[in-house]
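Enquirer: Sequence first, then the predicted structure:
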Protein chains: 2
Amino acid sequence: MNSVADLTLHKRIRSDISERILSGAWPPGHRIPYEHELMAEYGCSRMTVNKALAPLAEAGLIERRRKFGTFVARPKIHSAVLDIPDIPTEVTGRGEVYDYELLFQRVRTATLREMEELGLDRSAQVLVLRSLHRAAGRPFALEERLINLETVPEAADVDFGATAPGSWLLSHVPWTEAEHRISAANVPRAVATALGIELMAACLVLERRTWRSADRITHVRLTFPGEAYDLVARFAPQGGLSAS
Amino acid sequence: MNSVADLTLHKRIRSDISERILSGAWPPGHRIPYEHELMAEYGCSRMTVNKALAPLAEAGLIERRRKFGTFVARPKIHSAVLDIPDIPTEVTGRGEVYDYELLFQRVRTATLREMEELGLDRSAQVLVLRSLHRAAGRPFALEERLINLETVPEAADVDFGATAPGSWLLSHVPWTEAEHRISAANVPRAVATALGIELMAACLVLERRTWRSADRITHVRLTFPGEAYDLVARFAPQGGLSAS
């Protein structure tokens, strides 16, 4: 039976251990006491020790190695949670007026480059869209988008002058996966002109390819003038210390 | 008691539901049947329904709203897991020879700009380091780093000509948190010269600020020539469908 005292004890063991890790008393790679040592130290059961340790392992603070024991994990600074901008939210969050203009909309057979961008192995009808997002009347991002009409045929009939393609897709296309690619580029003349920037100005380019199971849905390239936008990624181990 | 038949049933319910979500039969925002409806449909207990649904909720495929029921979640494409490059691994993974050169190392009192970069509210002694990472003999990234000697005093005595600062910190400084900021920039002349690129060439700039609890540890700015590197971010809901 779990008594209140038992709950308190496994949380206390956990906080003792996390405090030593976060203070640096136990550095990365340090072996933490064996289960039987913790059981003796706190006068508790193996189950209580396990309840104390499991969330620390899930949070990535400790690593259990079979036969060798449990160790303080090394910081995994090589992955982080990236915030992908939702442009209208981003702009209005800065207290600026957001607006959106459709520049180009056409249905055509995908070119080789467009097939590659969408990840198609044979040609298909695609909807090609180009639109401009503005903040306080100034260009904020150029959106160049392809929609695969084989998977989303209803997109051909939508008026994207009234609804931004990203918003429409989010509310009409079921659960999807996505891959993002971030790069810096000196953009082509047509893009620089649309954004109203100098030809050699550095831009941040965010490409997103989206699919549902094996079906390719959309490819979008967002180009932000270099001074307009920073992407922020937070280091975030799964779960975190507050997990109980 | 959990019988094998019971295990099979909750997995079957889960797979029926996830299949409808992923196929688009139940689009984002669709209400899924109430618990009592699922209990009647499958002739099972509330506990079995809960075992079926809990991992779907954890994976972010469904959302439970108190009093209103359970709904197919909208895709959360606005965050993704970003792979932060470990430069030696990245370069050798391409089959190129990696090398590292320390260009500058000095201890001094932090300037106002350096205080801001480290997030310090008063001045402190800092170690200023500049080094060049090369791939196949060509500049791959310029590293400009500050280390706060108040939190990591032992860094003052390290020979960073022999050990890259990032590797040394990873193995000597305890568990840390980090924030990354990604931008595109036309870099200053000194940086362009160090990287051997033209003055106006676009570069991808990755800034990382690292701390342990309230203590600031390091700030690093990595500048990659635009054509040398793309960052990739995978969309990854927590857990995922394979969770059991």
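Expert: The structure has been received and is ready for your questions. Just so it is clear, the model here is predicted, and its values are computed rather than measured.

Enquirer: so what's the backbone phi/psi at residue A:24?
Expert: phi 90, psi 0 (degrees, to the nearest 10).

Enquirer: Would you agree it is in contact with residue B:217?
Expert: No - counting by CB atoms under 8 Å, residue A:24 does not reach residue B:217; the two are 10.5 Å apart. For the C-beta atoms, the positions are set from N, CA and C on the backbone; glycine is no exception.

Enquirer: Give me the common contacts of the two.
Expert: Shared contacts of residue A:24 and residue B:217 (CB atoms under 8 Å, 6 or more residues apart in numbering or on different chains): residue B:173.

Enquirer: Compare the two and say which is more crowded by neighbours.
Expert: More crowded of residue A:24 and residue B:217, by other CB atoms under 10 Å in any protein chain shown: residue B:217, with 22 against 19.

Enquirer: Correct me if wrong: residue A:60 contacts residue A:73.
Expert: Yes - using CB under 8 Å, residue A:60 makes contact with residue A:73 at a distance of 5.7 Å.

Enquirer: And the strands in chain A?
Expert: Along chain A, the stretches classed as strands by DSSP state E are A:31-32, A:62-65, A:69-72, A:79-83, A:98-109, A:125-135, A:138-148, A:177-186, A:202-212, A:215-225, A:231-234.

Enquirer: Let me see the domain layout of chain A.
Expert: Domain assignment for chain A by automatic domain parsing gives A:3-72, A:87-243.

Enquirer: which one of these is the most hemmed in?
Expert: Mean neighbours per residue, mean count of other CB atoms under 10 Å in any protein chain shown, is largest over those for domain A:87-243, with a mean of 17.

Enquirer: quick one, longest helix in chain A?
Expert: Scanning chain A for the longest helix, with DSSP state H as the assignment, gives helix A:4-23.

Enquirer: any weak-confidence spans in chain A?
Expert: Residues of chain A meeting the criterion pLDDT under 70: A:1-7, A:59, A:75-77, A:175-176, A:235-244.

Enquirer: what residue lies at the spatial centre of it?
Expert: Against the mean C-alpha coordinate of chain A, by CA atoms, centre = their mean, the closest residue is residue A:82 at 4.4 Å.

Enquirer: Just confirm it contacts residue B:233, I think it does.
Expert: Yes - the pair residue A:82 / residue B:233 is scored as a contact, 4.7 Å apart, by CB under 8 Å.

Enquirer: Which neighbours do those two have in common?
Expert: Common neighbours of residue A:82 and residue B:233, using CB under 8 Å, 6+ apart, are A:180, B:80, B:81, B:82.

Enquirer: what bridges to the last one?
Expert: Looking back up the chat, that one is residue B:82. Taking DSSP bridges as the rule, residue B:82 bridges to residue A:80, residue B:233.

Enquirer: can you check residue A:31 too?
Expert: Applying DSSP bridges, one finds that residue A:31 bridges with residue A:71.

Enquirer: before we move on, what about residue A:223?
Expert: With DSSP bridges as the criterion, residue A:223 is bridged to residue A:142, residue A:205.
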